[in-house]
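Chemist: from the sequence below, what's the structure:
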Amino acid sequence: MPKAVGIDLGTTNSVIAYKEAGGNVIVIPNAEGSRLTPSVVAFKGNEIIVGEHAKRQAILNPENTVISIKRKMGTDYKVKIESKEYTPEQISAFILQKLKKDAESYLGEPIQDAVITVPAYFNNAQREATKNAGIIAGLNVLRIINEPTAAALAYGLDKQEQILTVLVFDLGGGTFDVSILEIGQGVFQVKATAGDNHLGGDDWDKKIMDWILEEFKKEHGIDLSKEKAAMQRIREAAENAKKELSIKMETEINLPYIYADEKGPKHIQLRLTRSRFEEMSRDLMARLEAPCKRVLEDAKLTPDKIDRILLVGGSTRMPMVQEFVRKFFGKEPSKDINPDEAVAVGAAIQASIIKGETKDIVLVDVTPLSLGVEVLGGAVEVLIPRNSAIPIKKSQVFTTAADFQTNVEVHVVQGERPLAKDNISLGRFILSDIPPAPRGVPQIEVTFEIDANGILQVSAKEKSTGKEQSIKITGATRLSKEEIDRMVKEAQQYAEQDRKKRELIEARNRLDQMIYTAEKAIKDYPNVDANVKSELENAINHAKEVFQKEEDVININKAIDQLQNALYKFTSTAYAATGASASSNNPNPNASSEQNYKIED
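Modeler: Numbering: from 1, shown residues only. Alright, predicted model coming up:
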């Protein structure tokens, strides 16, 4: 049976893992040998580069490099590269394709089934967009699950006999989640979740970037914020400085030749202390408080009722974040698992549960935001309150607002504000052909149903006639099936381009090796017949021309064959000449045989 994998599609880095038959969970390294794949996509001509190589070339190619696309999921944002536009789903699909391809290479078998994680506070549009990205990448998305739930699985808390109240504090590269779960005897019950979809390590990086720009402007009077190549270098330096300050009290930022004008080159050389970094991050730290307070209120708990705190996400490595957790909750957090890998590990466990390979574990998740419909006056009537356990189905009867009204519009919204206009609009549809009647008489039953992925379907039925209309809420980007199918085909085309590129590289490497071998043969056997030697030299020269200019695998393979034939003729002549020479110099046939054996060996 093909393996099902768990994928943490992160803002900064992404991770893929699978669960072995014996029970161990393996985090799969990528083609570059790292367990973390940067969530970076770059476009270079017709080539799409993903991961570490994309991140490295970003300095020289900033306008065609996409980072932190996760923050745009579920929106109508488009990335414009030259004359083509890409949706966040497509960019995310390129990342997922890279993970899939590298995992298939590592495991030696195809991968189709996957569980993909999302921040617990992702809304319906963002969840649907994530699922679409998986489909475009050629994956069968078994489930979309919340990152905190996955992390709790990774910590092995399903093995607890006693029931524990666990808080998962998840601060990643672009999002912040805090969730409270009750865990014990194989049951994971999410009690409440809160968060901020626009708060993460990227924001701490930006604080350092802004400080660097300000210091450079003070010294040189030059604003680097419009210099794309310089900004990419500064962004990379800021991220590295942030990481260093998690283990050191100060760090140096050195960026030589960051800018040049008529007065000559300009350099950045700054020293940043941890205390200064913490001071400039005060407003970000303050933003952590509100979700933490809200999740406790929703779960009707006080900090002393929390049994364990789990840290998830690379940004929880910052000492200021760990100190915040200690002070706010009055408890030392657990740090006995890699925060970068915990979510993918948990997703892999969930994948094995769905496939029936792991038993005796039940996950009960919640919807992060309230769901309802707009009613007369623009108010919201909530059908499913936030933190309701999913899957869930709720119905409510509504009526018409005007006499003899024959159709109604059902406007579905998500959020906590009392007015529809202040919340997220998920979709609208019309229920028509309602029998004309005085207002208040028609009975229209609206049903909300959320599946295990947290994705919503809404229907409305006029009870006297049975007339019904429904909509599957597909997110703000409203990708149709045709659009998804088109993107799947495009993704397959890029996969085919990758295959052809790999074939070209392998062919060129074979040709290069053959040229080296042929040149070595001429050097090792200088006394071969001049015509045979000249034939091999001509073949070598032709092969070098092909190697320098040719991009067609067929022509490269032809050059390899031609050189191989010339080399075979050359070495056969050389061995024959060497053997004849040895025979004439040594009349003893046994000695000659021994010498021939040594030469061939």
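Chemist: stretch 368-385: end-to-end distance?
Modeler: Using Cα to Cα, to the nearest Å, the end-to-end distance of stretch 368-385 comes to 9 Å.
Chemist: again, but for stretch 147-162
Modeler: Using Cα to Cα, one end of stretch 147-162 lies 23 Å from the other.
Chemist: any idea of the mean pLDDT in it?
Modeler: When pLDDT is averaged over stretch 147-162, the result is 74.
Chemist: and if you look at stretch 534-547?
Modeler: Rounded mean pLDDT across stretch 534-547 is 91.
Chemist: buried set for it?
Modeler: Going by neighbour count (16 or more other Cβ atoms under 10 Å), the buried part of stretch 534-547 is Glu535, Leu536, Ala539, Ile540, Ala543, Lys544, Val546, Phe547. All C-beta atoms are positioned from the backbone trio N, CA, C, and that covers glycine.
Chemist: now the host helix or strand of Tyr18, how far from the centre of its chain.
Modeler: For Tyr18, the host element (DSSP states H and E) is strand 13-19. Distance, stretch centre to chain centre, for strand 13-19: 10 Å (Cα atoms, centre = their mean, to the nearest Å).
Chemist: next secondary structure after that strand?
Modeler: Criterion used, DSSP H and E; the element after strand 13-19 is strand 25-27.
Chemist: need the contact partners of that next one.
Modeler: With Cβ atoms under 8 Å, 6 or more residues apart in numbering as the test, strand 25-27 has contacts from 15-20, 35, 154, 341, 344-345, 348-349.
Chemist: distance from the chain centre to it, please.
Modeler: In this view, strand 25-27 has its centroid 17 Å away from the chain centroid, taken as Cα atoms, centre = their mean.
Chemist: what mean pLDDT does it have?
Modeler: Taken as a whole, strand 25-27 has a mean pLDDT of 93.
Chemist: check stretch 242-250 too.
Modeler: Per-residue scores along stretch 242-250 average to 95.
Chemist: circling back to that earlier point, for Leu107, state which of the buried residues of stretch 534-547 is nearest.
Modeler: Nearest to Leu107 among the buried residues of stretch 534-547, counting by Cβ to Cβ, is Phe547 at 33.9 Å.
Chemist: helices and strands around the strand or helix carrying that closest one, which ones?
Modeler: Assigned by DSSP H and E, Phe547 belongs to helix 530-549. Here helix 530-549 touches helix 481-524, helix 553-585, going by 3 or more Cβ pairs under 8 Å, 6 or more residues apart in numbering; DSSP states H and E.
Chemist: helix 553-585 and that one, what's the angle between them?
Modeler: For helix 530-549 against helix 553-585, the angle by axes from the mean of the first three to the mean of the last three Cα atoms, to 10 degrees is 150 degrees.
Chemist: report the secondary structure state of the closest residue to Gly200 other than its chain neighbours.
Modeler: Nearest residue to Gly200, sequence neighbours excluded (Cβ to Cβ, 6 or more residues apart in numbering): Gly174, at 4.1 Å. For Gly174, the assignment made with DSSP: H, G, I helix; E, B strand; the rest coil gives coil.
Chemist: what number of residues lie near Gly174?
Modeler: 26 (other Cβ atoms under 10 Å).
Chemist: can you tell me the strand partners of the lengthiest strand in the chain and which way each runs?
Modeler: Longest strand of the chain, by residue count under DSSP state E: strand 250-261. Strand 250-261 sits in its sheet next to strand 264-273 (antiparallel), going by DSSP bridges.
Chemist: can you spell out which helices and strands pack onto the helix or strand following the partner strand?
Modeler: Note on strand 264-273: by DSSP H and E, the next helix or strand toward the C-terminus is helix 274-280. Where contact means 3+ Cβ pairs under 8 Å, 6+ apart, helix 274-280 is packed against helix 201-220.
Chemist: what residues sit buried inside the helix or strand that the helix it packs on is followed by?
Modeler: Note on helix 201-220: by DSSP H and E, the next helix or strand toward the C-terminus is helix 228-244. By 16+ other Cβ under 10 Å, the buried positions in helix 228-244 come out as 229-239, 241-244.
Chemist: which residues touch the residue lying closest to Tyr259 once chain neighbours are set aside?
Modeler: Counting by Cβ to Cβ, 6+ apart, the nearest residue to Tyr259 once its immediate chain neighbours are dropped is Lys266, at 4.3 Å. Neighbour list for Lys266: Phe216, His220, Ile222, Tyr257, Ile258, Tyr259, Ala260 [criterion: Cβ under 8 Å, 6+ apart].
Chemist: rerun that using 10 Å as the cut-off
Modeler: By Cβ atoms under 10 Å, 6 or more residues apart in numbering, the contact list for Lys266 reads Phe216, Glu219, His220, Ile222, Leu224, Ala230, Leu255, Pro256, Tyr257, Ile258, Tyr259, Ala260.
Chemist: per-residue confidence for it?
Modeler: 92.
Chemist: going forward, the N-terminal residue is numbered 27.
Modeler: Okay, residue one is now 27; in that scheme the one you just asked about reads as Lys292.
Chemist: from Ala256, how far out is it?
Modeler: Relative to Ala256, Lys292 is positioned 10 Å away (Cβ to Cβ, to the nearest Å).
Chemist: enumerate every residue touching the closest residue to Ser301 other than its chain neighbours.
Modeler: Spatially, and ignoring its direct neighbours in sequence, Ser301 is nearest to Met275 (8.0 Å; Cβ to Cβ, 6+ apart). Going by Cβ under 10 Å, 6+ apart, Met275 touches Thr299, Arg300, Ser301, Pro345.
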